[in-house]
Every structure is written in structure tokens, then in C-alpha cells.
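K.L.:
Could you look at this predicted model? Sequence included:
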Amino acid sequence: PDYGWRSQRLRGLLATARDLQPDDLQALQMDAHNGIAEVLVPLLARVDVPGDVAPARALLAEWDLRQAADSPAAAYFAAVWRHLLERTFRDELPREATIDGGDRWMEVVRGIAADPASQWWDDAGTPEREGRDDMLRAALVDAHGELTDRLGDDPAQWRWGDLHTMPLRHTTLGSSGVPLIERVFNRGAVQTGGGSAIVNATGWIASDGYEVVAVPSTRMVMDLFDWDASRWIITTGASGHAFSGHYVDQAGRWAEGR
């Protein structure tokens, strides 16, 4: 089932919209508001953290809660979210279980966030009884360590798009095992914003990393007053010919919401 994080965000935006034009609807599809951040950021702001983690945590204080590709705070929050899920739930699950971090996990965390002493917060592998703030603090520290290793020691230079990339990998020939063929048909990766259970739905699997695994392959805005003013875009390009100039020429525009 879907728990409605995207639909409720869209409903809220449309409820206050007036005189919508094609440009407005195009922008609407790129809305990157992170709903679970509304719940967690105020809680994260209240826990004590080591001094070296404080500059990263300070990013969240001024964050607009948007998972934008160029946002340092979005990168840090996504890492905190990933480590919070692992810290909180991995001890109750088989090691091979997938924690995708999508709307189901958001709904669970929203439910237990109001109970600092919920048994879910306790780490079954330690003799102590951990609570919500212990897990939040540990996730803040874990995320800081990971992003420092991956993106450098200046949190202001971190970017969500540096982590959240969409690989332009050919479905069949891109994994042929022949390096020359793979170089021809695969075209690197594109930095993206958005995320799971966000209107700009670039899904990722938290237990695996930050790489994009699902996207809206086509975006459209249809103008019912002037059909010729309609617009659309796909993730790569109009040609399937690897040597065509139109093989991946739409990818950059797609990622930027154009």
C-alpha cells in the first residue's frame, strides 16, 4: 500500500493554488519537500552532539526541508535518515532484510517519534536501554562520519546530488560484461534532487546507499487551451542509437525539471 506522503503534499499545494499555469504545474512536479523531515528535524535539533558534529547538525537549523540536489542540509539529513533506520530496526531484522526508507518506514518512524521510550529505539545488542534521543544522536554522528569520508570535512560543501545520482545504464548491453560495449551504451550518472515518497519521486534504497533506483521516466504538462504549447521530456533522449546526438541529450534538462 501507499501511505500518501506524496499525495497529501500535492493536495496541500493544490488547495492553496490559484490560476495555475503550465509553468506552475511544471514546477509542481519538481517539489522536493521531505515530509519526514518535518517530524525529525525539530527532534534532531534538541539532542547533544560532539563538537565536531555540531557544524553539520547546524545545517538543519536553516534548512527549508527540500531535498534539492545542491543542498548540503539535504545530503546530511538523508544520511541521518539512513543511519537512523539501521540503528533503530536492524537489530530486529535479518541482516539480509532491505530497509528501503520509503513511505512505510516514514509512517513507522512518525508513529514512534512521539514515544521517546518506545522499545523500538532500544538496541537489542547492548545491555543498556536506549531511547529515541540516543538513536538520534548516534545517527547524527554516523552520518557525519560517512559524509566526511565521502564528501570532505566541510559540511557546507556537501551536496545531495553528489550522493543521489541516476546512473545512465543501458538495460541490457550496459551490463554485457564487455567493457568496450558498456562504455558505448552507458553514460555515467546524473545528479538529481528529490527522493522516496517525495513529489519529485527519485527513489533510493536506504540500506543499499543513495543511488537512484526509480524515477518518473516521462514528465508532461498538457495545455488544454493550446495543445501545441504542451511540453514533455524523458530521462535520456529520443534516439536509441548510441552514436546519435539525441541519445542522452534530455538527461540534464530532465534532472533540472526543465
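P.N.:
Yes, it's here. Residues are numbered from 1 along each chain as shown.
K.L.:
which residues are contacting the strand or helix carrying E146?
P.N.:
In this assignment (DSSP states H and E), E146 forms part of helix 132-151. Residues from elsewhere that reach helix 132-151, judged by C-beta atoms under 8 Å, 6 or more residues apart in numbering: 40, 43-44, 46-50, 52-53, 56-57, 75-76, 79-84, 86-88, 112-113, 115-118, 121, 123, 155, 157-159, 162-163. (Glycine included, C-beta is placed from N, CA and C.)
K.L.:
what do you get for stretch 36-51?
P.N.:
With C-beta under 8 Å, 6+ apart as the criterion, stretch 36-51 contacts 5, 57, 60-61, 63, 65, 77, 80-81, 84, 106, 109-110, 113, 132-133, 136-137, 140-141, 197.
K.L.:
again with stretch 110-127
P.N.:
By C-beta under 8 Å, 6+ apart, stretch 110-127 touches 36, 39-40, 43, 87-89, 91-92, 129-135.
K.L.:
residue boundaries of the strands in the protein?
P.N.:
165-167, 189-191, 203-204, 212-214, 218-221, 231-234 (DSSP state E).
K.L.:
V41 and A73, how far apart?
P.N.:
9 Å (C-beta to C-beta, to the nearest Å).
K.L.:
what about G240, neighbour count?
P.N.:
11 (other C-beta atoms under 10 Å).
K.L.:
What's the per-residue pLDDT of it here?
P.N.:
Model confidence at G240, given as pLDDT, is 91.
K.L.:
my guess is it meets I234, correct?
P.N.:
No - counting by C-beta atoms under 8 Å, G240 sits too far from I234 to count as a contact (11.4 Å).
K.L.:
Count the neighbours of A124 for me.
P.N.:
9.
K.L.:
If you count neighbours, what's buried in stretch 166-184?
P.N.:
M166, L168, H170, G174, V184 (16 or more other C-beta atoms under 10 Å).
K.L.:
Helices - which of these land there?
P.N.:
V184 (DSSP state H).
K.L.:
okay, the buried residues of stretch 166-184 in TSV with distance to T148 next?
P.N.:
Below are the buried residues of stretch 166-184 laid out as TSV (distance: C-beta to C-beta, whole Å):
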residue	distance to T148
M166	24
L168	28
H170	34
G174	32
V184	36
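K.L.:
So which of V41 and A73 has more stuff around it?
P.N.:
A73 (26 against 17).
K.L.:
re the thing from before, overlap of the contact sets of V41 and A73?
P.N.:
L60, W63.
K.L.:
where along the stretch 151-258 of the chain do the helices fall?
P.N.:
160-163, 179-185, 251-256 (DSSP state H, counting those that start in this stretch).
K.L.:
between those, which gets nearest to S217?
P.N.:
Nearest to S217, of all these, is helix 251-256, at 9.1 Å by C-beta to C-beta.
K.L.:
Tell me which residues of that closest one come out buried.
P.N.:
A251, W254, A255.
K.L.:
Looking at the contacts of stretch 110-127, which is nearest D226?
P.N.:
After measuring these against D226 - C-beta to C-beta - the closest member comes out as I36, at 39.1 Å.
K.L.:
what about the closest one, neighbour count?
P.N.:
24.
K.L.:
and the closest residue to G240 other than its chain neighbours, what is it in contact with?
P.N.:
Leaving aside its sequence neighbours, G240 sits nearest to Y247 (C-beta to C-beta, 6 or more residues apart in numbering; 7.5 Å). Going by C-beta under 8 Å, 6+ apart, Y247 touches R187, T236, G237, S239, G240, H241.
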